[in-house]
Structures are given as C-alpha cells and as structure tokens.
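Asker: Fold the following.
(4 chains)
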Number of protein chains: 2
Amino acid sequence: MVTITDVAKKAGVGVSTVSKVLNNYEHVSDKTKAKVMAAVEELNYVPNSIASALSSKQSRRVGVVFFINNQRQTIDEINMQYLFGALNTAKELRLELVTVFSPNLENMTSHELERHFLSLRLNALVIYGLHKEEKSFLELIDQEKFPTVIVDAPIYGEKASYVMVDHQKAQYDIVCEMIDQHENIESFLYLAGRRDGFVTDLRLQGAVDASVDRGVKINAQYANFSETEANQITLKYAEHESMVVAASDLMAIGSVNALKELDIFRPVCGFDGITLLGYIDYRILTVRQNFFDLSRHAIQEVDRLLSGEVGREVLMNYEIQTISYDDIIN
Amino acid sequence: MVTITDVAKKAGVGVSTVSKVLNNYEHVSDKTKAKVMAAVEELNYVPNSIASALSSKQSRRVGVVFFINNQRQTIDEINMQYLFGALNTAKELRLELVTVFSPNLENMTSHELERHFLSLRLNALVIYGLHKEEKSFLELIDQEKFPTVIVDAPIYGEKASYVMVDHQKAQYDIVCEMIDQHENIESFLYLAGRRDGFVTDLRLQGAVDASVDRGVKINAQYANFSETEANQITLKYAEHESMVVAASDLMAIGSVNALKELDIFRPVCGFDGITLLGYIDYRILTVRQNFFDLSRHAIQEVDRLLSGEVGREVLMNYEIQTISYDDIIN
DNA sequence: TTGTACGCGTTATCAA
DNA sequence: TTGATAACGCGTACAA
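Answerer: From the prediction side, this is the model:
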C-alpha cells in the first residue's frame, strides 16, 4: 500500500506539504504542487479515508433509512427513486451514504438505535417513510443526537428538517379539480391511508377542506394504503357516492377494480404518480411527485444541517396529471 | 466521546485488556471480563470502527454495484429485492455494504474504477445486472484486483464467483411446458433480451434446445428487454406463429398488449416472476426467481471470497408458475 | 512557503 | 493472564 509518506519521499517534500496540496490549502507554490501531483500519479496514490477520518476527527457519513415492509411490493419504484436521488446528490456533495432498511432495526429502543448508528459512525440521518408508531425513532429525533432530515413527515427543530410536498394543498387541489371536471358530484368516498401515517392526516385535512369549500359531502374511510382494503371499502360504499378519491395510487387501483366488479362508473383519482398507473386501462388523475428530486433536496438539506445550520421546512412542487400506458412505454 | 482508554480507567485495567475482552480473545479471566463489560455499559461505550480499521489494517467493506438506467422503471422490484437481501445478509455476516449505482460510474476506465473503489476503501464487490458492453468492469474483474461476485453473468475465476439460476435450463423447461400444455404448437416467436446481455445468450440457447427437442420451429428476435419493442415485434410476426415466448415478463406484457390489438389469441410466457404480472388480466406462465435469496447467496459468497477461498459457480433454484392478481393483493 | 512532530482510537506484540 | 507501547496513515500546530 502506497502512503502519503511514499508520495512525500518521491516528490522530495514533507508529508504535510503533500497533505496541503491534496486538500487544496493555500500558500503552496505551483512548483511544489506540480511535483506532488506528479508523484501521486506515478505511484497511483489513493488517500486513505480511514486514516483521514480518524485524524481529522470528522467524517461525512450519512445514514439513509428506509421504512419498508419485507414483502415484495409494486411500489418499490418510489424507494428506488429516493435512493437513486440520494446517491446521486451524495456523490456531488462528497457525502458517504450508508443504506439502512427498517426491518434490520426492528424492536430497538431509541437508545439501542443510537448505539447502532454510533457504531456505524453516522454523523446524520435521512429518514424515508417514517410513521407515528415508530416511537424509538421519534424519540431519537427528539433527542437531537443526530442531525436528521425527515422525508414526508412534518417534524423539524434545531437539528431536524423535513422535506415534502404540501400534501394538504395537493389533496385539496386534486379534489377540487375532480369536482370541477365532472358534473353532478354531490359526495365522494375518501380512501385515507393508515391512521399512523403522518401524511395521512395532512391529505385527509386537504380533502375535508375541499369538501367544505365546494359543498360536497365526504365519506372518509381508512384503507391503510392497501389495495385490498380499498377494494373492499369501495365495494361497500361506492354505490352511494358519486366519486372516489384515494390517498394513494395503489388504493385507487384497488378501487377501480372494485368498481368494475360492481359494474358502475365513478371517477377515481389517486396520489403519487407511480408508473403502475399506466398499466391500468382506466384514466386516473393523480398528484405526481418527483421522488428523485425530493430525495436530492433531502440530501442537500442534510448537508446544510451538517455544516451547522438550523433545521427548517422544505416544501416541494407537485403536478396534477394522468399517467397513461403511452407515457410509460417510451 | 468516550474511548477505550476511558473504559480501561473505569474498569481499572489496561487498554489492551479491554480490547481483548471486546474482541473475544482467549486467556481473559471471567472476573476482568465482567469488570470491563460493566464499565462499557456504564459509560455507554461504542467502539470506534474507524480507528479499529486503521489499526488492524483490515475492514470488511463490500461495494454492491447496481447497473440501472436512470429512468423510472416498474421493474425496480428486482433491484429492491436484491438490495434488501444483500443488506439483510450483510448484517448477519458483519459486512459493511456500500451501495453504488452505475450512472454515477459512467465513462470510467477500469483504472479509474479501481481508484474510485480504492478511495471508497472497498475490499470486495458484488455486481448486479452487468452486461457485455461494460468493458471497464469486465477488465477490472479480469485483473482480479478485488474479490468479486457477479449476479447473473457466468464469469468466475480465482477471485470471482457468480450466482444465478440456470437460465438455459429454466428457459428450456418453460418452453417445453408451454408446448405440452397447449395443443398444436408448431412454431413460436421468441422475444430475446438485449444482444449484450449475458443471460440473453443462455436463455436463447435454452429456447433453441427446446425447439430442437420438441420439433417445434423457433423465430427468435431481439426485443432488448423492452416492452415497446416486444409489442412491435409481436405485431409483425405473431400471426404466423402459434405461441410467444418472452425472455422477460415486461416483454411478455408488451406482447400480450400487441396480441389484443391484433385480436388474436396466442399463449404467452415470460421470465422472472415480477409482481406486475398480477396486474395484467391475462394468465402468463413465468420462471419465478427468488431475488431476495439470490442476493443473500451472493453476499455469503463474497464473504467466502473475503476469507480467502477460491471463486466458484453457484446455481439457484427457480419455479415455473403463474402470478395472478390474487397472489399479489394479499 | 515548507517540514517536524504529535495526536486521533484502536490492535497487536511482547515482556512481565 | 495482564499491561505498556509501538504501529496504522493522515491532519495540523508550530517551528523553521
């Protein structure tokens, strides 16, 4: 293994000079800079980040935590876009990312979580898909042991930021658009997410706001982001409502299949804008989020926190649109 | 930050004794062991893996490299299962995983790749979705600078293993089953993957073998794993063939949609067993692979290589089955 | 502008 | 069975 000492010898300078050159310090003559770089090239020297981290007592390791269930799921698209956006930005910002999946962290207390992340030498966290039942995580965030960015949960503080679209406004907007697009909408069935989801409340509130503003009745039921439950609830209630609003695309699909079974027509809209929508032969309006970009901002935000700045709220854009098979198949 | 020295002081022993206790060395009395553990608990000491790695001159960092294109894709399911399986096993085997996505590595020479991975302090690699055009990677593997496990490409050597199902046999099996299940199959359209894919050749060979053995003509066309191309090729050729065999589920779906457009019936089969199949109202037989398990074996294999053992071939099981909406929606 | 020397937290060697 | 001490490779005061 070639070390900084080897480079220094080869270049005929001291080790600290080499270090200064490599870390772009000022007050180094161009001549010595050139000598050092030549030696680096010649020896194919690669700095030892381990030793560097130990010496400088700082590293830029960020844990990206994904809350997932351990079954196969069609909506992996979202997490994959999150992950891709994160890795992409991390490279630009010279952050080292450690990917963590929630099933490997089950049943840990906040103290155990802290120890675990410390042993991983993490300096900060980015959390995707957090929900209210994750008490240990909420505690950990509250204790502010690590700078943390939360995606899709309105939690922030001195060392914590969140990044998300304005779910309440988005849900409000799409409900209004659905009401305006179709005639004679007197009431609608609202398929909410899971009770312990942070965005569930926000979206539900948006739907209620729209219901009030437009003078259209709302029948809200929790379908737990589940296709099956959305299906069953639709079977039960849809006949007496003139429209179905789902808080996720997957639930919208479940609802559409139920409507087919009932052999009645009701306009249906979803939320998220996943590719799967293109495979359904039914036009579903949805709130399209740019997950890649959302995640990019989350990483930029964690970089901000790491440089000592204070936590804040970051709101992202969304678009209301349909997704068809032709959009997907390009 | 609490260090090993603090623990040593607290326990009234030397630092090396603490180190021995923590690393389960022999020749330590139960009494001192207890003293040390008590101090560890009390101080909430977490070992510094950075310092440990520097001192012991060894770490167990493995890069998991995913070849993906940077567009949204429905088949993220596969990579997600790979990643999940990998992280899961890595934890058990105490390996540290570094997730790498191919778009962040574009246009690098094998030498640049080597430097990049060295700077990441990787000791080994696991590669998913490699194809023949990735010359730099193939070179790097060939140079044996890093122990490497390749998923789904039949490459192995002193320091390289591969893990995959027997694609040739699987393709052979499913073609035979399709021929036996349906009557009067005289010829079939075979939708192959991309020319530069490693598994493409294997699967194609399996299809040809079946064609010969069963005395059924084969019309093989490259559809590049693309739904669109599969669609177009089906439109062009399917009328004169009595069956369609696709080398991926996505291509099978494209083909099914084309057959609908042509308004003719032909049995169609796919390959992989992705969840998306359940959303198509058409019964498609497929080769179901367990991607999670495949990835688990890949990580176990890299652990083997890391402990100095020699590269080998690892073949996994598969099942021939259909996937329906009911299977998915549980 | 350059180089010397110490410290980062741990492991490993070897003497006690 | 224990403990002092020299590495490990790099960053950085501080001296030159």
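Asker: what's the burial count for whichever residue of the stretch 151-300 of chain A sits closest to DNA strand C?
Answerer: Per CB to the nearest atom of the strand, residue A:159 is where the stretch 151-300 of chain A lies closest to DNA strand C, at 21.5 Å. Quick note: C-beta positions are derived from backbone N, CA and C, even for glycine. Using other CB atoms under 10 Å in any protein chain shown, residue A:159 has 20 other residues around it.
Asker: Per-residue pLDDT of it, please?
Answerer: pLDDT for residue A:159: 95.
Asker: same deal with residue A:75?
Answerer: pLDDT, residue A:75: 67.
Asker: Same check on residue A:71?
Answerer: Reported pLDDT for residue A:71: 59.
Asker: and what of residue A:328?
Answerer: At residue A:328, pLDDT is 66.
Asker: Residue A:275 too?
Answerer: Model confidence at residue A:275 (pLDDT) stands at 86.
Asker: Could you pull out the helices in chain A for me?
Answerer: A:4-11, A:15-22, A:30-43, A:49-56, A:76-92, A:110-119, A:135-143, A:167-181, A:198-214, A:227-237, A:249-262, A:291-306, A:325-328 (DSSP state H).
Asker: in the second one, what counts as buried?
Answerer: The one in question is helix A:15-22. Using 16 or more other CB atoms under 10 Å in any protein chain shown as the test for burial, helix A:15-22 gives A:17, A:18, A:19, A:20, A:21, A:22.
Asker: Report the backbone C-alpha coordinates of that helix in PDB.
Answerer: Provided in PDB are the C-alpha atoms of helix A:15-22 (Å, rounded to 0.1, in the frame of the first residue of the first chain):
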ATOM      1  CA  VAL A  15       4.200  14.900   4.300                       C
ATOM      2  CA  SER A  16       2.400  17.900   5.400                       C
ATOM      3  CA  THR A  17       3.100  19.600   2.100                       C
ATOM      4  CA  VAL A  18       1.600  16.700   0.300                       C
ATOM      5  CA  SER A  19      -1.400  16.800   2.600                       C
ATOM      6  CA  LYS A  20      -1.800  20.500   1.900                       C
ATOM      7  CA  VAL A  21      -1.700  20.000  -1.800                       C
ATOM      8  CA  LEU A  22      -4.200  17.200  -1.800                       C
END
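Asker: List the contacts of it.
Answerer: A:4-5, A:7-8, A:11, A:25, A:27-28, A:32-33, A:36-37, A:39-40, A:47 (CB atoms under 8 Å, 6 or more residues apart in numbering or on different chains).
Asker: Just the buried residues out of these, in ChimeraX syntax.
Answerer: In ChimeraX, this line selects whichever of the contacts of helix A:15-22 come out buried by 16+ other CB under 10 Å:
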select /A:4,7,8,11,32,33,36,39,40,47
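Asker: Show me which pair in the contacts of helix A:15-22 is furthest apart.
Answerer: Comparing all pairs in the contacts of helix A:15-22 by CB to CB, the longest separation belongs to A:5 and A:27, at 21.7 Å.
Asker: Tell me which residues touch the residue nearest to residue A:147 when sequence neighbours are not counted, please.
Answerer: Leaving aside its sequence neighbours, residue A:147 sits nearest to residue A:305 (CB to CB, 6 or more residues apart in numbering or on different chains; 3.7 Å). Each residue near residue A:305 by CB under 8 Å, 6+ apart is listed here: A:124, A:147, A:148, A:149, A:159, A:160, A:161, A:311.
Asker: count of neighbours near the first one?
Answerer: So that's residue A:124. Residue A:124 has 22 nearby residues by other CB under 10 Å.
Asker: Now the residue nearest to it when sequence neighbours are not counted: phi and psi?
Answerer: Leaving aside its sequence neighbours, residue A:124 sits nearest to residue A:147 (CB to CB, 6+ apart; 4.3 Å). Note on residue A:147: its backbone torsions stand at phi -60, psi 130 [degrees, to the nearest 10].
Asker: Is it correct that residue A:147 is in contact with residue A:122?
Answerer: No - the pair residue A:147 / residue A:122 is not scored as a contact, 10.0 Å apart, by CB atoms under 8 Å.
Asker: Which one of the two is surrounded by more residues?
Answerer: residue A:147 (24 against 20).
Asker: ok, now which ones touch the more buried one?
Answerer: By CB under 8 Å, 6+ apart, the neighbours of residue A:147 are A:123, A:124, A:125, A:159, A:160, A:302, A:305, A:306, A:311.
Asker: Tell me the one of those nearest residue B:295?
Answerer: Using CB to CB, those come closest to residue B:295 at residue A:125, 24.5 Å.
Asker: Please name the residues that touch the closest one.
Answerer: A:62, A:63, A:64, A:65, A:117, A:146, A:147, A:148, A:149, A:302.
Asker: Among the helices of chain A, which comes closest to residue B:154?
Answerer: helix A:76-92 (26.6 Å).
Asker: tilt between that closest one and helix A:291-306?
Answerer: For helix A:76-92 against helix A:291-306, the angle between stretch directions is 40 degrees (axes from the mean of the first three to the mean of the last three CA atoms, to 10 degrees).
Asker: Can you work out which other helices and strands pack against helix A:76-92?
Answerer: Packed against helix A:76-92 by the contact rule (3 or more CB pairs under 8 Å, 6 or more residues apart in numbering or on different chains; DSSP states H and E) you find strand A:61-66, strand A:96-101, strand A:124-128, helix A:291-306, helix B:76-92, strand B:96-101.
Asker: how about that helix: buried residues?
Answerer: For helix A:76-92, by 16+ other CB under 10 Å, it's A:76-91.
Asker: before we move on, what about stretch A:246-255?
Answerer: So for stretch A:246-255, counting by 16+ other CB under 10 Å, buried means A:246, A:247, A:248, A:249, A:250, A:251, A:252, A:253, A:254, A:255.
Asker: how far away is the first one from residue A:12?
Answerer: When CB to CB, to the nearest Å is the yardstick, residue A:246 and residue A:12 sit 70 Å from each other.
Asker: need the contact list for residue A:307.
Answerer: Residues near residue A:307 by CB under 8 Å, 6+ apart: none.
Asker: which bits of the stretch 1-150 of chain A sit near chain B?
Answerer: Within the stretch 1-150 of chain A, the positions near chain B by CB under 8 Å from any CB of the partner chain are A:44, A:46-51, A:53-54, A:59, A:68, A:70, A:72-74, A:76-77, A:79-81, A:83-84, A:87-88, A:91, A:96-101, A:103-104, A:115, A:118-121.
Asker: just the buried members of the residues you listed?
Answerer: Neighbour-count burial (16+ other CB under 10 Å) applied to those gives A:46-48, A:50, A:53-54, A:59, A:68, A:72-74, A:76-77, A:79-81, A:83-84, A:87-88, A:91, A:96-101, A:104, A:118, A:121.
Asker: Perfect, I'm done here.
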